[in-house]
Every structure is written in structure tokens, then in C-alpha cells.
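**Student:** A structural model of the following input is requested.
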Amino acid sequence: AAFFPPFLAGQERGPRRDSQPKVPTGLQSELPAGGTQPKVVERVFDKTKPADVLQAVHTSAIWCLFEQLMPSVFFCTFFPFCAIMPTTKIHKDGAYIMTYQEVMAQAKGSMGKCKACPVCNGQACRNTIPGPGAKGVGDTAIRNYDAWQRLRVNMDTLCPYGEADTAFTLFGRTFAAPIFAGPVGAVTMHYSDKYNDETYNAALVSGCAQAGIAAFTGDGLDANVMVQATKAIRDVGGVGVPTVKPWNMELIREKLALVRESGAFAVAMDVDAAGLPFLKGMNPPAGSKTVEQLRQIREAAGLPFIVKGVMTVKGALKSLEAGADAILVSNHGGRVLDGCAATAEVLPEIVAAVEGRVPVLVDGGIRTGTDVFRALALGAKAVVIARPYVCAVYGGGAEGAVALTKKLQGELADTMQMCGVHSLAEITAECVRG
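**Tutor:** Next comes the predicted model:
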């Protein structure tokens, strides 16, 4: 009886104790008086009967095969599924950390017209304004993304082994990576009411500071936007860059006073916002600035001053003349002018014209750590990324910003190692082709 399954060897088989046998409808008339159930004869396994032995051997064979195959079936069925599931990460203090995949899953369905696409390339939203899209037919935003993809990185692993150092210093502050979160305003109108400008900036600034980088914060018609943005920056020890719109000079001075009180390590002005409708109709006039006006703003700031929205060599030289401490090559994500050149297309000539006098940053269509590498290879010192951080915050708040930053930093480090460089200074034009 050794080869019989445990439930067969020498055991009696009968009805389950927790249930009564069912009586076919045709036999109900044969029930004894009083409605009691008929006697059930229990079936006893008999090893002397050939039929019983044959049935037992057959059942045992199936049972043994099941025991042998079940582990393999389980492994083949469930292991591939488990392998693609986001890995749960736990802090050493026991706190749970969201993965980037979880962040994006949470973002879907909570961002209004934004679909939280796996690849944020401007195709799905195109001219969706209000919304996350770009002006006109959306050509500029799409061109921004595509221009980076046309650049191929040059792999070279015939080099000494070493860890990639992504540390970056700007205006005396060192950051974990040459990455900044970009300024975004009117998030309730363009995305959804899950956040407003105050709560969005608070989550963004906090998350970026936790991840070892800094965020540029937005500005808006509501004066409280800058009040809350600068408060968020003050709460993290000044690790943030308030971005002031090119208002009239009186309003700019009010905003700059808040910036200085926040302890921010730098301030920016997005001169490309001159194309926004709400600036065009203001009185006193707002929007475009002369070199002299920009110089006055730079002097009033009292902080390292970044001019955002430069797209030509002429604009870069004017910014230097006005006293800019850094230049951010940007076309406002395609939201102010359709048919504009991509930032990757103009970056090399602007870098060449500046000749290292100030750091040159760039934004527009940068979506991965490999894109960051491409930008640095073209001469940028750092990049600014906006729309993906909106998805990150909507999906996970400050924790979402941390998850995205870690993803980008890891991708950058991996690309550096595979291209034979171990510090940002080693990334040159020889590292890409296209």
C-alpha cells in the first residue's frame, strides 16, 4: 500500500460528514416514512479485488504526476508575472517607498486632459490648451522630444571600471544630479483640481529637496501662488528657484521681495512667458523686456539670476549684457509659439556663443536619464524637466517627485558607465552622434 496516495491506502471512502447525500427526484417516493434519509453503504477499498487495485494505481499515477509538475507549473505561470511587477521598497526605518511604476499608475485618471502617457512626447495632447499640450498644432512640443531621440549615444565599455558620479554644482550648491524640476502654473486649469498651485508647489519642492535636487516654482495672476511657492522653498532651507513672470516693474519688485525672504539660492525669470495671453493685456504693460529693463530686474533681484526662454544666439548675448548669471534654453515647452525650433537644435550654437561665461541649462522634451546625457553632451550644464514632474506629483505627491528623480538619476548613471565616462565633466560631444 506504500504506493497508494494517503487518502486511498486502507481508508474508507464515503460521504462527507458535513453534508448529506442528495437523493434523485425519482427516488423521493421510496423514502421511508417520516422523511428520514435512506441508509448509505460506505465503500471500502479492497486490495484483493483487481478492479480496486487498477483504480488505485491509476489514481496514484495521476497524483504523483501532479506532485512532480505542480512546482514547475507554478513557477512558469507566476514567476514572469512577478518579475514585471514593481518592486516594493522599504526604508531602513520601515517606511514604504512608491516605485515610479506605481506613481504613474496612480496618476492615470486623475490629471484631467493629461493621459499620463508612458512616453510624454506631445503627440496625444498636441494643441490641448487649456491642458498639457502646446500652442497651435502642437508642433514645437513634439519637435522638442523628437530632436533628442535623433541623437544616438556612443557606447564604449573599454575603459577602467568605476562608479558614475552624477553630482552637480550650481551657484555654490551641490545637487545629486544635473536635473531640476520645471515651473508649472495654473495646474487646476490645465490638469485637475486634485492640486492647486499652492499644494502642487509644496509637494514638488519638498519631494525634489528630499531627492537631492531643486525645483523651479511657478507664478501666476493669483498673488498667493508666489506667496505659497516661496514659503515651500523657505521650509526646505532655500532649495528652490522661484520663477517670476515678466510682469510690470512694480509687480516684479513685490515678487522679488518674497523671493529674497524665502532664502532661495537663485531666482529665474521666464521671458518666454511674454507670449501668454494674460500678460499681453496688462496695464502697465508686461511681457517682452529690453536689455536695460532686464538689467534693472537683475539688480533688484539681489540673487543669482537665471534668464529662462533664450532660443537664439542673439538672445543669449543680450542676456549676458543684462548681467544674467545663467541662461536656460527654453521655448516654454511649445506653449507660446508654434513652429519654433527645438531646444536641442539651438543648444550647441548658444553654448558656443556663451563661451563658458555662464552656465547654460536646457529644457524641452527631456524625458529620461539618457536624454539628460544627450543634453550634457551638447554642452548644457544641467536640464529642467516639467511635464513629467506634474505626472509624478499627481501620482504620488512629494514621494512621486522622489521616485521620478531617482529613476532619472539611475538612467543617467547607467548611460555614463556604458559610454565610458565617470563624471559629468567627461561627457562631451564625442559621446553622441546624429
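
**Student:** and the contacts of stretch 182-189?
**Tutor:** 130, 190, 195-197, 200, 215-220, 225, 241, 243, 268, 270, 333, 363, 384-387, 389-390 (C-beta atoms under 8 Å, 6 or more residues apart in numbering). All C-beta spots, glycine's among them, are computed from the backbone N, C-alpha and C.

**Student:** buried set for it?
**Tutor:** 182-187 (16 or more other C-beta atoms under 10 Å).

**Student:** among those, which two are most distant?
**Tutor:** Farthest-apart pair in these is G182 and A186; separation 14.1 Å (C-beta to C-beta).

**Student:** please, where are all the helices along this structure?
**Tutor:** Per DSSP state H, the chain carries helices over the ranges 50-84, 100-107, 139-149, 187-190, 197-211, 223-235, 249-262, 277-280, 291-301, 313-321, 343-354, 369-377, 387-418.

**Student:** output the second one as PDB, restricted to C-alpha atoms.
**Tutor:** Coordinates of each C-alpha in helix 100-107 appear next as PDB, following Å, rounded to 0.1, in the frame of the first residue of the first chain:
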ATOM      1  CA  TYR A 100       7.900  55.000 -10.300                       C
ATOM      2  CA  GLN A 101       5.500  52.500 -11.900                       C
ATOM      3  CA  GLU A 102       3.100  52.800  -9.000                       C
ATOM      4  CA  VAL A 103       3.300  56.600  -9.200                       C
ATOM      5  CA  MET A 104       2.300  56.600 -12.900                       C
ATOM      6  CA  ALA A 105      -0.500  54.100 -12.300                       C
ATOM      7  CA  GLN A 106      -1.900  56.400  -9.600                       C
ATOM      8  CA  ALA A 107      -1.500  59.500 -11.900                       C
END
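
**Student:** list the contacts of P132.
**Tutor:** For P132, the contact set (C-beta under 8 Å, 6+ apart) comprises 111, 113-114, 125, 190-191, 387, 390.

**Student:** can you select the buried ones from the residues you listed in ChimeraX?
**Tutor:** Only the buried entries of the contacts of P132 go into this ChimeraX selection, using 16+ other C-beta under 10 Å:
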select :111,114,125,190,191,387,390
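
**Student:** tabulate the contacts of P132 (CSV), appending pLDDT.
**Tutor:** Below are those laid out as CSV (pLDDT from 0 to 100):
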residue, pLDDT
M111, 91
K113, 89
C114, 92
C125, 89
H190, 88
Y191, 90
R387, 95
V390, 96
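
**Student:** you'd agree I252 is up against V244?
**Tutor:** Yes: counting by C-beta atoms under 8 Å, I252 sits close enough to V244 to count as a contact (6.1 Å).

**Student:** what about the stretch 51-200 of the chain, any weak spots by pLDDT?
**Tutor:** Within the stretch 51-200 of the chain, the segments meeting pLDDT under 70 span 51-95.

**Student:** neighbour count: I252 and V244, which is higher?
**Tutor:** The neighbour count for I252 versus V244, taken as other C-beta atoms under 10 Å, is higher for V244 (25 against 21).

**Student:** so the more buried one bridges to which residues?
**Tutor:** When bridges are called by DSSP bridges, V244 pairs up with M269.

**Student:** next up, the contacts around it.
**Tutor:** By C-beta under 8 Å, 6+ apart, the contact list for V244 reads 219, 226, 252, 255-256, 259, 267-270.

**Student:** can you do 6 Å?
**Tutor:** 219, 255, 269 (C-beta atoms under 6 Å, 6 or more residues apart in numbering).

**Student:** for M155, same thing?
**Tutor:** So M155 contacts 418-419 (C-beta under 6 Å, 6+ apart).

**Student:** got a pLDDT number for L303?
**Tutor:** Looking at L303, its pLDDT stands at 97.

**Student:** what about it, distance to S262?
**Tutor:** L303 is 10 Å from S262, where distance means C-beta to C-beta, to the nearest Å.

**Student:** pick out whichever of the two has more residues nearby.
**Tutor:** Ranked by neighbour count (other C-beta under 10 Å), L303 and S262 place S262 first, with 25 against 22.

**Student:** distance check, the more buried one against F168.
**Tutor:** The gap separating S262 from F168 is 22 Å, by C-beta to C-beta.

**Student:** what about the stretch 301-434 of the chain, any weak spots by pLDDT?
**Tutor:** For the stretch 301-434 of the chain, no range has pLDDT under 70.

**Student:** in stretch 233-250, what counts as buried?
**Tutor:** 233-236, 238-247.

**Student:** report the rounded mean pLDDT for it.
**Tutor:** Across stretch 233-250, pLDDT averages out at 96.

**Student:** any idea how far it is from the middle of the chain?
**Tutor:** Offset of stretch 233-250 from its chain centre (C-alpha atoms, centre = their mean, to the nearest Å): 24 Å.

**Student:** swap in stretch 274-284?
**Tutor:** Between the centre of stretch 274-284 and the centre of its chain there are 32 Å (C-alpha atoms, centre = their mean).

**Student:** kindly export that stretch (C-alpha atoms) in PDB.
**Tutor:** The C-alpha trace of stretch 274-284 is given here as PDB (Å, rounded to 0.1, in the frame of the first residue of the first chain):
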ATOM      1  CA  ALA A 274       5.800  87.100 -22.800                       C
ATOM      2  CA  GLY A 275       3.500  85.100 -25.200                       C
ATOM      3  CA  LEU A 276       1.000  84.200 -22.600                       C
ATOM      4  CA  PRO A 277      -2.400  85.900 -23.200                       C
ATOM      5  CA  PHE A 278      -2.900  87.100 -19.600                       C
ATOM      6  CA  LEU A 279       0.400  89.100 -19.800                       C
ATOM      7  CA  LYS A 280      -0.400  90.800 -23.100                       C
ATOM      8  CA  GLY A 281      -3.400  92.700 -21.900                       C
ATOM      9  CA  MET A 282      -1.900  94.000 -18.700                       C
ATOM     10  CA  ASN A 283      -1.600  97.700 -17.800                       C
ATOM     11  CA  PRO A 284       1.100  98.800 -17.100                       C
END
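
**Student:** give the buried residues for that stretch.
**Tutor:** Across stretch 274-284, burial judged by 16+ other C-beta under 10 Å covers 274-276, 279.

**Student:** of the helices of the chain, which is nearest V119?
**Tutor:** In terms of C-beta to C-beta, the element of the helices of the chain nearest to V119 is helix 139-149, at 8.2 Å.

**Student:** the inter-axis angle of that closest one versus helix 387-418?
**Tutor:** Orientation check (axes from the mean of the first three to the mean of the last three C-alpha atoms, to 10 degrees): helix 139-149 against helix 387-418 gives 10 degrees.

**Student:** got the angle between helix 139-149 and helix 369-377?
**Tutor:** Angle between the axes of helix 139-149 and helix 369-377 is 90 degrees (criterion: the same axes, to 10 degrees).
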